[in-house]
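1. Just need the structure, nothing else, for what follows:
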Amino acid sequence: MLAELRGLNEECGVFGIWGNEQSAQISYYGLHALQHRGQEGAGIVTTDGEGLKVVKDEGLVNEVFSDENLASLTGHAAIGQVRYTTESGRGIENVQPLVFRSTTGSLAIGMNGNLVNAEDLKESLEQQGSIFQTSSDTEVLAHLIKRSRGALNRYDQVKQALKMLKGAFAFVILTEDSLMVAQDPNGLRPLALGKLGDSWVVASETCAFDIIGAETVREVEPGELLIIDEDGLREERFAEPANRAICSMEYIYFSRPDSNIDDINVHNARKRCGVQLAKEVGNLEADVVTGVPDSSISAAIGFAEATGIPYELGLIKNRYVGRTFIQPSQALREKGVKMKLSPVHHVVNGKRVVMVDDSIVRGTTSKRIVKLLKEAGATEVHVVIASPPLSNPCYYGVDISTDSELIAAGRTTEEIRDLIEADSLTYLSPEGLMEAVGRPEEMKNCGQCLACFTGDYPTEIYADTVLPHKKDLVR
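-> Numbering: from 1, shown residues only. From the prediction side, this is the model:
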């Protein structure tokens with residue numbers, strides 16, 4: 001679905017490279033490939049072995065960086081981030097990577113995810129004298145590293161600090177002489193390791209490797225800390241891996257279809273979701289199948305192939321409208337629906353239409369699209385959703401933090417169907433989603449996080465993370 005219009009957004013994407021004098025330029029292309037993960041800010045930090053250089057600002061990658069400022073980012077290693085923010089996290093001070101300078105060495109950190117114990121840690125650190133300059137969870141790690149006690153070296157300090165974090169996090173950390181990469185013990189966010197000639201690269205998605213010509217080596221494992229310096233790559237652990245719980249929305253919506261997560265291609269997973277939907281929807285009589293561009297196209301193709309109902313381009317996305325994705329306000333999202341999508345009248349007029357979408361959050365966009373199709377002459381609009389109902393908040397970096405934002409919270413499928421004014425509504429079951437994605441049982445830590453569908457959170461949820469009406473989730 002056009003998630004930018006309904007508030008289903010993820011915090012960011014990260015990239016890192018070690019051992020290449022064109023590190024800034026390569027990072028630029030890597031971040032450009034990850035632009036879909038965040039459009040409000042972008043930054044790159046490089047090291048030449050003596051100091052850290054930084055360029056960052058609010059805006060898209062091609063707005064933030066120029067030939068001139070990229071040329072100023074000299075060095076053989078770099079980290080970068082693209083960022084989406086909620087209203088409370090906006091401002092240039094929160095654009096990452098964050099850079100911290102001290103007499104004992106500088107540090108730059110970029111993160112994808114969200115810490116569920118961030119407020120508890122901030123309160124404790126402030127009592128010890130820390131003064132926070134941003135509202136970003138990322139800053140917590142820097143303070144913890146500097147306050148590590150009894151650590152033998154910098155890497156032990158980082159490991160000690162990482163052990164105190166709870167939630168979803170994929171970190172890239174750059175010092176003058178090393179690149180560190182860390183993945184939370186549940187592996188909630190995707191993070192991959194690759195090789196570009198003699199250089200090591202890391203990225204939130206493998207599509208970033210494709211654009212720079214790198215080869216994917218493997219996923220960064222849950223609880224793993226990778227250390228890359230002049231001695232090469234070292235694989236260490238700061239925590240034992242918990243049950244793998246990769247965010248299901250990575251397969252459903254967030255990741256680009258040409259990315260692979262644990263060797264599973266995202267497009268193929270979405271297509272299988274469409275096939276599974278066809279099994280679960282039963283005998284649905286219709287004339288045409290169309291997907292809501294862009295993330296639902298793969299599932300729509302799978303649904304059409306499985307049912308034998310012809311797939312047609314019934315909805316067109318206007319790609320030249322300003323990106324309302326970067327505007328968190330609901331009012332702007334609702335206005336954007338009218339500008340972003342147009343029905344193809346000759347495809348849907350007089351037809352019974354199956355509208356395939358990846359998910360429904362608030363329902364306002366789904367209602368508008370159903371209305372668009374009927375105004376274009378569709379006699380019936382049957383909505384099929386390639387995911388289970390989103391009925392629970394996410395505390396791991398997806399911008400759905402309260403159940404009041406979710407149309408499926410406390411409502412039946414039939415009640416939702418009435419609200420969006422569809423002729424029928426079918427969701428994919430949680431079991432069907434797992435079957436369609438196809439993470440093999442023999443794969444080490446093969447699980448997925450289904451918390452936004454089931455309410456079963458893979459980590460403890462802290463009181464300061466949960467709004468008052470959700471206190472019963474704290475455990």
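2. Which of the helices and strands in the chain ranks last by mean pLDDT?
-> Among the helices and strands of the chain, helix 330-340 carries the lowest confidence by mean pLDDT, DSSP states H and E, at a mean of 60.
3. Check the gap between R189 and A239 for me.
-> 15 Å (CB to CB, to the nearest Å). (Glycine included, C-beta is placed from N, CA and C.)
4. neighbour count winner among those two?
-> The residue with more neighbours, out of R189 and A239, is R189; 30 against 18, by other CB atoms under 10 Å.
5. Hmm, E205 and the more buried one touching each other?
-> No. The pair R189 and E205 does not pass the contact test of CB atoms under 8 Å, sitting 10.4 Å apart.
6. buried stuff in stretch 247-264?
-> When burial is assessed from 16 or more other CB atoms under 10 Å, stretch 247-264 yields the following buried residues: 247-257, 259-262, 264.
7. All the strands of the stretch 301-450 of the chain, residue numbers only.
-> Here the stretch 301-450 of the chain has its strands, by DSSP state E, counting those that start in this stretch, at 315-317, 341-343, 352-357, 380-385, 424-427, 448-449.
8. The buried residues of stretch 247-264: which two are farthest apart?
-> With CB to CB as the measure, no two of the buried residues of stretch 247-264 lie farther apart than Y253 and D262, at 17.3 Å.
9. Alpha carbons of the lengthiest helix in the chain, as CSV, please.
-> Assignment by DSSP state H gives helix 266-281 as the longest helix of the chain. Taking C-alpha atoms only, helix 266-281 is exported to CSV below (Å, rounded to 0.1, in the frame of the first residue of the first chain):
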residue,chain,number,x,y,z
VAL,A,266,11.4,-10.3,-0.8
HIS,A,267,9.5,-10.3,-4.1
ASN,A,268,9.2,-14.1,-4.1
ALA,A,269,8.0,-14.0,-0.4
ARG,A,270,5.3,-11.4,-1.3
LYS,A,271,4.2,-13.4,-4.3
ARG,A,272,3.8,-16.5,-2.2
CYS,A,273,1.7,-14.4,0.2
GLY,A,274,-0.6,-13.7,-2.7
VAL,A,275,-0.8,-17.4,-3.6
GLN,A,276,-1.6,-18.2,0.1
LEU,A,277,-4.3,-15.5,0.1
ALA,A,278,-5.9,-17.1,-2.9
LYS,A,279,-6.1,-20.4,-0.9
GLU,A,280,-7.6,-18.6,2.1
VAL,A,281,-10.1,-16.4,0.3
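10. For that helix, give the mean pLDDT please.
-> On average, the pLDDT along helix 266-281 is 98.
11. same check, this time on stretch 306-317
-> pLDDT averaged over stretch 306-317 gives 96.
12. Equivalent analysis for stretch 175-185, please.
-> Averaged over stretch 175-185, pLDDT sits at 97.
13. Also stretch 92-106?
-> Stretch 92-106 carries an average pLDDT of 90.
14. And for it, what's in contact with it?
-> Stretch 92-106 has contacts (CB atoms under 8 Å, 6 or more residues apart in numbering) with 12, 41-45, 51-52, 54, 56-58, 79-81, 83, 85, 107-111, 133-136, 138-139, 142, 146, 154, 172, 174-176.
15. Quick one: end-to-end length of stretch 15-33, please.
-> The straight-line separation of the ends of stretch 15-33 (CA to CA, to the nearest Å) is 10 Å.
16. ignore the last one, stretch 369-381
-> One end of stretch 369-381 sits 10 Å from the other (CA to CA).
17. try stretch 57-65
-> End-to-end distance of stretch 57-65 (CA to CA): 9 Å.
18. quick one on the thing from earlier: now the strands of the stretch 301-450 of the chain as TSV including distance to E21?
-> Formatted as TSV, the strands of the stretch 301-450 of the chain follow (distance: least, CB to CB, whole Å):
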stretch	distance to E21
strand 315-317	39
strand 341-343	45
strand 352-357	45
strand 380-385	48
strand 424-427	51
strand 448-449	39
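19. What pairs with the host helix or strand of L233, parallel or antiparallel?
-> For L233, the host element (DSSP states H and E) is strand 232-237. Strand pairing for strand 232-237, using DSSP bridges, gives strand 224-229 (antiparallel).
20. Tell me how far P389 lies from G91.
-> To G91, P389 is 34 Å away according to CB to CB.
21. if you count what's nearby, which of the two comes out ahead?
-> P389 (23 against 14).
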